[in-house]
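>>> Attaching a predicted model along with its sequence, questions to come.
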Amino acid sequence: MTGSTEDYAPHPHIGGRTAALRALAAWRAAAPGAPRVIALTGSSGSGRSRLLTGFLMLCEPDFRTRLPLAEMDPSTVPPELPAPAVPAPAGLTAAQVLWLLADHFELNASSTEDVYAELAALDEPVTVVVPDVDRAGPVRATGEPARLVREVLAPLAATETVRLLAEVPRPWAAELAAGLPPGAVRIIDLDEREWADPESLVLHAQAALTPGFGAPELPFTVDPAARLALAAAVARRAGTSPLVVQLAVNCALMAPEGFDPADESRLPTSVGEALDLHARRFGADPRTLRLMLAPLALAEADGIPVNLWERLASAVAGQDMSRALAGGMLLAGPFVQPEEQEEDGGRTLLRLLHPAVGDEIRAGLPNVRAAQTQISMALLEAVPDQDWSKADPYVRDHIAGHTLEAGLLPQLLTDPGLFVHADPVPLRAAIEAVPVEALGAPARTYLRTAPLLTRTQAPAVLRAALLETAFVEDGLPEYADAIHRLGLELPWRTLWSLPVAGVSAVTVGSLPSPDGPATAVAVLVVPAGTPGARPIGEPEEASGSAVLVRGLVQPDDLGGTDPAQILRPSEEERTAAPLALSRGADYLRVWDRAREEVVAALISDTPFTAADISPDGILLVATERGAKALRIHPAEAALAS
């Protein structure tokens, strides 16, 4: 018997899966003969996530106290040990998952290679459980689950000090196991006879049909015999899929009219059959139901806002779907899960009940790329006045994922407003999935700046400021000007940027003029031989440095200027200036002396090598990339990095 035994109570969350739980418990206990690595797999909807969740309940010391351990089969209960590391990859990149592990084990690592080396050097084995590998990645079409398996899970599996349990889709289970010695790894495929549990499917169907668990009172739910007969029929038809059981019950309970529990042929054997049978019982064309659900099957993140559903469904269908959607929740309800969100003023998101429903819908679309093109166009049209600051959060943060799958992302990446207002995590992930040679100059600048935006979780104003100065650095002043037209109060305006290597020191100064006011200048100390630079010292002296002199406000080349003529601000002038400067390796802060508040914070993807600020508030900085000048705008509120 593969389900619960007669002598013991089943796991209250799983209701069966005894054989699989025994194997997992032996793995957790490091029992003799147990593998060091387990790949838990099965078809989408096979219940692998549910099984792993139930097993983790047994591994978490606090949660164990809420389970009837004394009544359960002892061979399915792992020993009481510290909870394993469980880096949840949903929405994360492969690199982020690895660094979650590094943080969990407090490793002193500065590179991915260091993480594996430090794990391999541990005195005691560590236990790692990675659930929901198929949900990895901030953008659905970037292939992050495969990257997670190849770049993180496979090296972890090869590390002798790591005991690994990973829940992976079937195509990657064999890849994860490849190369490991015999006995080191075991694949638990929940669709295979050894691990399938038909008895538990009957129990699941029975529970879902029971009024005491929320089912409506119907002839086939209140009568125990009728309920058991229907549950057994549902389980027989579902094969090894708990998801098909759930969908069959959902459809029967949501539309009991016309449902004949005695007609087993009307029960689904697959997700696709569940969709089609439910539509026909409503007198609807199954294609209509699939078109209604198509935007949810192509959605990013946690689903689409309910107010966008009709617009996107009509876009995919190429026709007005308002009539179908007017009473659509009864038709779509068994397959849809709404979620109320408090952020952004409160809104309702819609997502599919299970990823397998999305797989079925996408597989039935004539052309996924064309559908994503229509969705992308509809999302663009939903931006009020083409002002990204007014766009629905889903539109601005996830349009890149849709245009990526449509093959249109490079064309989208020319709008500074999108760069500023979109969540940089999914936008960066989408852009990184495009070959660099296909990206325009503004997109390449964004990609270079994106690590700063994601690392600092910068708000829109700071994102705008960092992008503004990056555009000037990369010779795209028109994009910097466009950012200034977005209506944001930026802390600075970048006056100029000079791409010169090796700047070791900078200073601001002034060049007196007999005919008028002095000219503010920037003096850059650069390696000798730099084009246009004037050597320091007398000709006979072998100095390794030279100076470049530029206008501080306008980057005029003042290379003929004698540095001895340049006047530096006195200490009194600096002390009396309203702004002061503090500096770290990769950040600069400009302070309002009177208020003792930060008015500008500049961070860099390359270390700062020098910095100075003029008495009238022009910041002169140098990095490995070159030098630039920024006019600081005093602000009422401080900007923090």
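Okay, I see it.

>>> if I look at Ala294, how far off is Leu243?
Plainly put, Ala294 is 19 Å away from Leu243 if you go by C-beta to C-beta, to the nearest Å. Quick note: C-beta positions are derived from backbone N, CA and C, even for glycine.

>>> and these two? which has more neighbours close in?
A direct count of neighbours by other C-beta atoms under 10 Å for Ala294 and Leu243 places Ala294 higher, at 25 against 22.

>>> Helix or strand next in line after the helix or strand where the more buried one lies, which one?
Per DSSP states H and E, Ala294 falls inside helix 286-297. Helices and strands here follow DSSP H and E; after helix 286-297, the next one along the chain is strand 304-305.

>>> ok, and what's touching that following strand?
Applying C-beta atoms under 8 Å, 6 or more residues apart in numbering, the contact partners of strand 304-305 are Pro295, Leu296, Leu312, Arg347, Thr348, Leu349, Leu350, Arg351, Asp392, Tyr394.

>>> least confident pick among these?
Lowest pLDDT within the contacts of strand 304-305 is found at Arg347 (89).

>>> Would you mind confirming that that one is in contact with Trp309?
No - counting by C-beta atoms under 8 Å, Arg347 does not reach Trp309; the two are 12.0 Å apart.

>>> who's more crowded, these two?
Comparing Arg347 with Trp309 by neighbour count (other C-beta under 10 Å), the higher total belongs to Trp309, at 23 against 16.

>>> For the more buried one, identify the helix or strand it belongs to.
Using DSSP H and E, Trp309 sits within helix 306-317.

>>> what's the distance between the most centrally placed residue in the chain and Leu404?
Nearest to the geometric centre of the chain sits Pro138, at 2.6 Å (C-alpha atoms, centre = their mean). From Pro138 over to Leu404 the distance is 11 Å, taken as C-beta to C-beta.

>>> give me the low-pLDDT residue ranges for the protein?
Residues of the chain meeting the criterion pLDDT under 70: 1-6, 344, 538-543, 635-641.

>>> Try it again at 50.
1-4, 636-641 (pLDDT under 50).

>>> top strand in it by residue count?
For the chain, the longest strand by residue count, based on DSSP state E, is strand 516-527.

>>> Just the element for the nearest residue to Ala464 once chain neighbours are set aside, please.
Residue nearest to Ala464 in three dimensions, not counting chain neighbours: Val420, with 4.5 Å by C-beta to C-beta, 6 or more residues apart in numbering. Using DSSP H and E, Val420 sits within helix 416-421.

>>> How about Val621?
Using DSSP H and E, Val621 sits in strand 618-623.

>>> And the residue nearest to Gly559 when sequence neighbours are not counted, how far from Thr623?
Excluding the flanking residues, the one nearest Gly559 by C-beta to C-beta, 6+ apart is Gly532, at 4.8 Å. From Gly532 over to Thr623 the distance is 19 Å, taken as C-beta to C-beta.

>>> Between these two, tell me which one has more neighbours.
Neighbour comparison, Gly532 and Thr623: the larger count goes to Thr623, with 18 against 14 (by other C-beta under 10 Å).

>>> which strand residues sit across from that one in the sheet?
Note on Thr623: beta-bridge partners by DSSP bridges are Phe608, Gly626.

>>> check contacts around it.
Val503, Ser604, Thr606, Pro607, Phe608, Thr609.
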